[in-house]
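Participant: Take a look and give me a structure for this.
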Amino acid sequence: MIIRRLHLVGFGKFTDREIELEEGLNVFYGPNESGKTTIQSFLKGMLYGFKRPDVRRRLWTPELERYMPWSGKPYIGVLEFMTSEGRTYCVERTFAKDQDSVRIL
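Facilitator: Reported below is the predicted structural model:
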């Protein structure tokens, strides 16, 4: 799987931010508080969600509240990736507790 594009509709400090990734190694760097950890948490959230996997009832990890959009935009992200066979997919995830959903396009 090669991640090609991240679209942070509303995630933490980011609003409608698109990040294009190149094939190979991509390095995120910048000063403190520039959003590196937020992007890392976005990737983790897009792939696994923010639900605690080790409990029977629906419990959320602290990251769910921590990365709610500052701007009031919808708590949504899109991740575009390409498979080893060359097929491209988009995963759209809504993070809000009452609307938690995942769509694969």
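Participant: Please go through this structure and pick out the longest strand.
Facilitator: When the chain is parsed with DSSP state E, its longest strand is strand 2-11.
Participant: So what touches the very next helix or strand once past that strand?
Facilitator: Reading on from strand 2-11 to the C-terminus, the next helix or strand found by DSSP states H and E is strand 14-20. Residues from elsewhere that reach strand 14-20 (CB atoms under 8 Å, 6 or more residues apart in numbering): 4-10, 35, 38-39, 42, 69-71, 73. For every residue, glycine as well, the C-beta is placed using N, CA and C.
Participant: Go again with 10 Å.
Facilitator: Residues outside strand 14-20 that contact it (CB atoms under 10 Å, 6 or more residues apart in numbering) are 3-11, 26, 28, 35, 38-39, 42, 67, 69-73, 77-78, 80.
Participant: could you give me the average pLDDT of the following helix or strand past it?
Facilitator: Per DSSP H and E, the first helix or strand lying C-terminal to strand 14-20 is helix 36-48. Mean pLDDT, helix 36-48: 95.
Participant: Can you check what angle separates helix 36-48 from strand 14-20?
Facilitator: Relative orientation of helix 36-48 and strand 14-20, computed by axes from the mean of the first three to the mean of the last three CA atoms, to 10 degrees: 80 degrees.
Participant: Counting neighbours, which bits of helix 36-48 end up buried?
Facilitator: For helix 36-48, the neighbour count (16 or more other CB atoms under 10 Å) marks Thr38, Ile39, Ser41, Phe42, Gly45, Met46 as buried.
Participant: pLDDT weak spots in the protein?
Facilitator: For the chain, the stretches flagged by pLDDT under 70 are 55-58.
Participant: May I see the buried residues of stretch 82-98?
Facilitator: Residues of stretch 82-98 classed as buried by neighbour count (16+ other CB under 10 Å): Glu92, Arg93, Phe95.
Participant: Many thanks, we can stop here.
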